[in-house]
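how would this look folded up:
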Amino acid sequence: MKALKARSSTLKQYISDSTIRLSDADRALFSDISRVRIVDESDAGVHYSDRKTPASSRLDRLVDAGILKRVDVYQPGRGNFKTYQFANEDVARVMGGKLPTIGAKRNALHEVITSKIYFAAGRPDSFTLEADFSRDEKSFFSNRSVDGGSVLPDAVFYKNGEMVVCEADSGQYNSSQIASKQAGWAGLKQVWGQPSQSAARVHNAQVYRFG
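Next up is the predicted model:
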């Protein structure tokens, strides 16, 4: 608890409202964001399910305080929906996390689907994004070939000592791309996440489809 209090004290140096009091639910949400970088509002809401007021009210308060940033993400068939990440690099660093990496190779929907796999899988403590892989994990995947080259999955976690590979498809993979990745990770338990509307479906793996 001392560590949490110290972190809160440091956090208040970087936010616009230093009077805000953080609850255990807030801290649990921050822990999730530290692990996965960006969180769908529906997943963030699980921490506030016992409140009489909607989760969005508390999330708006955290945004107003300068702790979180709200980002609209578009998904075909679903439309725009709200997601949350840390407000800036300073806040992310204090909370032990980072901002999501979104660019030409990684769109926001892809990052959210990776995050949603984490929640769908029960928020495993061992869930680790590719960017946070250990040297041993990177080395392990360097010996596996996908389309003639090694490829890292979007995340991994461990269940009963067994590595579980997690891959997010934002709906753009075709059947051959899916098959190639699955072949490259043959012998490993695979968990995939896809939008309800996608170019091709994943088979022969556990698949979470998000509408």
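
can you get me a residue count around residue 153?
26 (other CB atoms under 10 Å). For glycine as for every other residue, the C-beta is placed from the backbone atoms N, C-alpha and C.

secondary structure element for it?
Under the criterion DSSP states H and E, no helix or strand holds residue 153.

again, but for the one 3 residues further on
Counting by DSSP H and E, the secondary-structure element that holds residue 156 is strand 155-159.

each with direction, which strands does that strand pair with?
Looking at strand 155-159 with DSSP bridges, its partner strands are strand 128-129 (antiparallel), strand 162-168 (antiparallel).

ok, residue 120 - contacts?
193, 208 (CB atoms under 8 Å, 6 or more residues apart in numbering).

what sits against the residue nearest the centre of the chain?
Centroid check for the chain by CA atoms, centre = their mean gives residue 115 as the closest residue, at 2.4 Å. Taking CB under 8 Å, 6+ apart, we find residue 115 in contact with 36-40, 43.

try residue 60
With CB under 8 Å, 6+ apart, residue 60 has these contacts: residue 70.

ok, back up a step: which stretch among the strands paired with strand 155-159 comes nearest residue 97?
Of all those, strand 128-129 sits nearest to residue 97, with 10.2 Å by CB to CB.

so where do the helices sit in this structure?
2-11, 24-36, 41-44, 55-64, 89-94, 108-120, 135-142, 175-184 (DSSP state H).

all set now, cheers.
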